[in-house]
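>>> Here is my input, please return the structure:
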Amino acid sequence: MFFSVIIPVYNRPQEVDELLESLTYQTYSNFETLIIEDGSEERCEKIVDQYKELLDIKYYYKENSGQGFSRNYGFERANGDYFVVFDSDCLIPPHYFNAVNNFLQNHKLDAYGGPDREHKSFTPVQKAISYAMTSPLTTGGIRGNKKHAGTFHPRSFNMGISREVFKKTGGYRITRMGEDIEFSIRIIEQGFTTSLIPDAFVYHKRRTNLIQFFKQLHFFGRARINISRFYPSEIKAIHTLPTLFTLGTLFLLSLPFWNSYLFKILIMPYLSFFALLFAHSSIKNRSIHIGLLSTIASFIQLTAYGIGFLSEFWTKLKE
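Numbers count the residues shown, from 1 in each chain. Here you go, the predicted model:
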């Protein structure tokens with residue numbers, strides 16, 4: 001099977017360098033790579049040139065249109081049987097395409113997604129963010145879970161679609177604000193089969209500091225409401241948990257001003273939750289430092305998503 005790797009990039013030449021280097025170590029080499037420069041000021045063309053002897057690689061520069069439409073641009077120029085999408089801040093383990101190819105040989109599948117993990121080279125903050133996004137103790141635990149409830153919805157940081165899926169769906173309908181969720185819903189609605197491939201994981205670096213992480217998760221919360229503009233039934237109870245946590249935190253912080261007794265009762269389970277996060281991450285990462293950072297990152301994840309969810313919900317109500 002021949003794969004086409006589609007990588008949209010915007011002002012991240014160093015990330016592209018690291019991603020392309022990881023692709024040179026693949027044990028399965030029957031793939032091409034398409035770099036779609038989405039109107040960047042910091043172009044990565046010179047970096048791509050360094051890999052032309054090592055990879056079957058093509059570089060395209062286009063006006064900025066967002067990651068969704070940039071992926072469509074790549075799909076239109078791809079030659080593969082399967083189109084594989086990565087975010088530019090991913091590292092791909094050597095076995096990746098071998099795992100995908102073996103899985104597809106044994107399962108009739110139109111689209112797939114894979115999990116994300118942390119890499120040993122990640123900074124403590126990146127490891128903490130990875131924990132917050134993948135831990136079973138946070139909402140991130142649903143990402144790449146083998147026991148995923150319901151039909152699996154691939155996400156664009158690590159997913160693949162058959163050529164037939166692109167032909168029938170036309171690719172991404174929106175370019176930002178939950179474009180991958182909308183695309184996955186449409187893929188499933190049109191009768192295509194999807195699945196998680198557990199061994200097709202990537203190392204997802206995400207954001208390098210907690211301020212950037214807050215902005216990203218705030219955007220994710222807004223994106224979930226944006227999806228409801230197309231599919232109102234896609235707001236599930238689990239999507240409201242960060243919002244409930246955020247509102248609960250604000251309520252808890254207000255209690256000392258009017259009911260200190262109730263505050264003393266409710267603060268203990270609240271603190272116990274974060275103590276559990278701290279202990280779990282510290283043990284998992286073998287680092288108290290990362291455990292502390294993970295606790296902070298988890299708080300940011302829940303509140304930033306909740307604030308974004310609420311702000312976009314309010315905007316939607318006013319439309």
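>>> Start and end of stretch 54-67, how far apart?
Taking CA to CA, to the nearest Å, stretch 54-67 runs 26 Å from one end to the other.
>>> What's the separation between residue 168 and residue 181?
18 Å (CB to CB, to the nearest Å). Bear in mind the C-beta positions are built from the backbone N, C-alpha and C, glycine included.
>>> More neighbours: those two, which one.
residue 181 (22 against 14; other CB atoms under 10 Å).
>>> Please put the alpha-carbon coordinates of stretch 285-302 into PDB.
This file holds the C-alpha atoms of stretch 285-302, laid out as PDB (Å, rounded to 0.1, in the frame of the first residue of the first chain):
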ATOM      1  CA  ASN A 285       6.700  10.200  35.000                       C
ATOM      2  CA  ARG A 286       9.000   9.300  38.000                       C
ATOM      3  CA  SER A 287       9.200  13.000  38.700                       C
ATOM      4  CA  ILE A 288       7.700  15.100  41.400                       C
ATOM      5  CA  HIS A 289       8.500  18.200  39.300                       C
ATOM      6  CA  ILE A 290       6.500  16.900  36.300                       C
ATOM      7  CA  GLY A 291       3.700  15.800  38.800                       C
ATOM      8  CA  LEU A 292       3.400  19.400  40.000                       C
ATOM      9  CA  LEU A 293       3.400  20.700  36.400                       C
ATOM     10  CA  SER A 294       0.900  18.100  35.400                       C
ATOM     11  CA  THR A 295      -1.500  19.300  38.100                       C
ATOM     12  CA  ILE A 296      -1.200  22.900  36.900                       C
ATOM     13  CA  ALA A 297      -1.600  21.800  33.200                       C
ATOM     14  CA  SER A 298      -4.700  19.700  34.100                       C
ATOM     15  CA  PHE A 299      -6.200  22.700  35.800                       C
ATOM     16  CA  ILE A 300      -5.500  24.800  32.800                       C
ATOM     17  CA  GLN A 301      -6.900  22.200  30.400                       C
ATOM     18  CA  LEU A 302     -10.200  22.000  32.200                       C
END
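>>> got the buried residues for that stretch?
By neighbour count on 16 or more other CB atoms under 10 Å, the buried set for stretch 285-302 is 285, 287, 290-302.
>>> Pick out the most distant pair among these.
287 and 302 (21.8 Å; CB to CB).
>>> buried stuff in stretch 187-207?
By neighbour count with 16+ other CB under 10 Å, stretch 187-207 contains the buried residues 187-188, 192, 194-197, 200-207.
>>> My error: substitute stretch 33-52 in the last question.
33, 34, 35, 36, 37, 38, 40, 43, 44, 47, 48, 51.
>>> Name the residues that touch it?
With contacts defined as CB atoms under 8 Å, 6 or more residues apart in numbering, stretch 33-52 is touched by 4-13, 16-17, 20-21, 23-24, 55-67, 70-71, 73-74, 77-78.
>>> Centre of the chain to that stretch, how far?
Offset of stretch 33-52 from its chain centre (CA atoms, centre = their mean, to the nearest Å): 22 Å.
>>> unless I'm mixing things up, residue 228 is touching residue 235, no?
Yes. Under the criterion of CB atoms under 8 Å, residue 228 makes contact with residue 235 at 5.0 Å.
>>> Let me know the pLDDT of residue 147.
Residue 147 is assigned 50 on the pLDDT scale.
>>> longest helix of the protein?
helix 288-318 (DSSP state H).
>>> So which elements touch that helix?
helix 124-134, helix 210-230, helix 241-254, helix 260-285 (3 or more CB pairs under 8 Å, 6 or more residues apart in numbering; DSSP states H and E).
>>> tilt between the second one and helix 241-254?
Helix 210-230 runs at 120 degrees relative to helix 241-254, counting by axes from the mean of the first three to the mean of the last three CA atoms, to 10 degrees.
>>> Give me the contact list for helix 210-230.
Under the contact criterion CB under 8 Å, 6+ apart, helix 210-230 has outside partners 125, 129, 173-174, 176-178, 181-182, 185, 206-207, 234-235, 239, 242-243, 296-297, 300-301, 304-313, 315-316.
>>> And the one helix or strand residue 71 maps to, what does it pack against?
Using DSSP states H and E, the element containing residue 71 is helix 67-77. Counting contacts by 3+ CB pairs under 8 Å, 6+ apart, helix 67-77 packs against strand 3-9, strand 31-38, strand 57-62, strand 82-86, helix 179-189.
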